[in-house]
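> Next come a sequence and a model predicted from it.
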Amino acid sequence: MTDASPHGSEHTATGRDRGAMLAPFTTLRLGGPARRLVEASSSEEAVEALREAEGPTLVLAGGSNVVIGDDGFDGTVVLLRGAGIEPLDDDVVRVQAGQVWDEFTAWAVDHGRSGVECLGGIPGSAGATPIQNVGAYGQEVSQTIAAVRVWDREADRIRDWSPSECGFAYRHSVFKRESRYFVMSVDFRLEPGGLSRPIAYAEAAKRLGVEVGERVPLKRAREVVLELRRGKGMVLDEGDHDTWSAGSFFTNPVLDRGAFHALTAALGKDAPHWPVGEGEVKVSAAWLIGAAGFDKGHRRGRVGLSTKHTLALTNRGGATAAELLALAREVADGVEAKFGVRLRPEPVLVGASLD
């Protein structure tokens, strides 16, 4: 999940710390010092901090989908805190940007509202979800988002955006492309009732013992997704270095038919893939990584691939961001050399680059 949003805008909000290391605020436990660090207890306080800031700014909430370089961030870092879940009517729920995402998915299940039950266990904040159009196990947040409240720092204006204005695409949105916007809250349209949305992911359907397209009790859907995520080291656990990661480090590449045929020719068989649009297919990045010779647990000093999932790059303890990025380049270069497909990073890179 993208849990960092660089802006270009300071504040005397709650707390002030100069030169504080950012590593403790990221799930990778990586990141150098901030020139200035402030804590905002609400989205409104965060806006004031950003409005008053001198120089560049960075908003961090859960820090689950960000790689911050070892030199840190030469500007103001706003730590967004402050939860809030507010039902607006029978099916629309407003969620504050600082709300822990998994707590919201649990709330939705407990209150009999479907649409995010297969997105449980994803670390980070609710405000990060539209930036990346977070998705997993057959669901994406864009399928249920009704509106996104946004502060435009250039116009200094707050307004609610419709889903069409957000420009949602696979792991992408206008918020990821345009750093001028700060997400304050998100409205989700959830379906009342005790059953899940139709199960769209084959692995989840198999574990649930149903066919793709069938519905199951909400709590059962959430339980199975959490089981699957834990089995891949994708649920945060302080004692498990496989979860010291940014989640899936690379997005699944989307190829046109020509590029996909070239890939299958190089492989001599089809790679796992899914149609995503007219003439395009999405290919499993995890499968490509394994097929290129990078096994689970592949190590490069103090960093390595998760022992549970090849798509997670992990800090095995005491690593630097430079070491993690070197591993990412090794994997991306290896896949490209073998298959002609360049993997792209999913986390936000701050003061860091794979080029």
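Structure's in. What do you need? Numbering: from 1, shown residues only.

> low-confidence ranges in the stretch 101-250 of the chain?
Along the stretch 101-250 of the chain, no part satisfies pLDDT under 70.

> What segments of it are strands?
113-114, 135-136, 139-140, 145-152, 157-161, 181-189, 191-192 (DSSP state E, counting those that start in this stretch).

> To Ser41, which of these lies closest?
strand 181-189 (13.4 Å; CB to CB). Every C-beta, even on glycine, is put in place using the N, C-alpha and C of the backbone.

> Break down this structure into its helices, ranges please.
All helices of the chain, identified by DSSP state H, fall at 43-52, 101-110, 129-132, 163-166, 174-177, 202-208, 218-231, 257-267, 285-291, 321-339.

> Using neighbour counts, pick out the buried residues of the second one.
Spelled out, it's helix 101-110. Buried positions in helix 101-110, judged by neighbour count with 16 or more other CB atoms under 10 Å: 101-102, 104-109.

> for the fourth one, same thing?
Neighbour-count burial for helix 163-166 flags 163, 166 (criterion: 16+ other CB under 10 Å).

> Packing partners of that helix?
Packed against helix 163-166 by the contact rule (3 or more CB pairs under 8 Å, 6 or more residues apart in numbering; DSSP states H and E) you find strand 145-152, helix 174-177.

> Can you add mean neighbour count and distance to Arg222 and give the ones you listed back as TSV?
As requested, the helices and strands packed on helix 163-166 are exported to TSV (neighbours: other CB atoms under 10 Å; distance: least, CB to CB, whole Å):
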stretch	mean neighbour count	distance to Arg222
strand 145-152	20	19
helix 174-177	18	27
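
> Next, format the ones you listed as CSV and append distance to Thr57.
Shown next, in CSV, are the helices and strands packed on helix 163-166 (distance: least, CB to CB, whole Å):
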stretch, distance to Thr57
strand 145-152, 12
helix 174-177, 15
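
> Nearest to Leu343, out of those?
Leu343 lies closest, by CB to CB, to one member of the helices and strands packed on helix 163-166: helix 174-177, at 17.3 Å.

> And the contacts of that closest one?
Applying CB atoms under 8 Å, 6 or more residues apart in numbering, the contact partners of helix 174-177 are 2, 5, 130-132, 148, 150, 165-167, 181, 183, 348.

> what do you get if the cut-off is 7 Å, keeping everything else the same?
2, 130-132, 166-167, 181, 183 (CB atoms under 7 Å, 6 or more residues apart in numbering).

> swap in stretch 129-142?
Contacts for stretch 129-142 (CB under 7 Å, 6+ apart): 1-2, 5, 65, 101, 116, 118-119, 122, 145, 148, 163, 166, 168-169, 171-173, 175-176, 183, 186, 197, 199-201, 204, 225.

> Just the terminal-to-terminal distance for that stretch.
Stretch 129-142 has an end-to-end distance of 9 Å (CA to CA, to the nearest Å).

> what distance separates that stretch from the centre of its chain?
Remark: stretch 129-142 is offset 8 Å from the chain centroid, using CA atoms, centre = their mean, to the nearest Å.

> ok, back up a step: I'd like to know which of the contacts of stretch 129-142 are buried.
Buried by 16+ other CB under 10 Å: 1-2, 5, 65, 101, 116, 118-119, 122, 145, 148, 163, 166, 168-169, 171-173, 175-176, 183, 186, 197, 199, 201, 204, 225, out of the contacts of stretch 129-142.

> Just give the nearest non-adjacent residue to Val254, would you?
Take Val254 and drop its neighbours on the chain: the residue closest to it by CB to CB, 6 or more residues apart in numbering is Lys282, 5.1 Å away.

> The chain - how does it break down into domains?
Under the assignment automatic domain parsing, the domains of the chain span 4-80, 85-231, 241-350.

> Point out the most buried one among these.
Using mean count of other CB atoms under 10 Å, the stretch among those with the largest mean neighbour count is domain 4-80, at a mean of 21.

> how about the helices and strands packed on helix 163-166, which one is nearest Gly72?
Across the helices and strands packed on helix 163-166, closest to Gly72 is helix 174-177 (CB to CB), at 21.9 Å.
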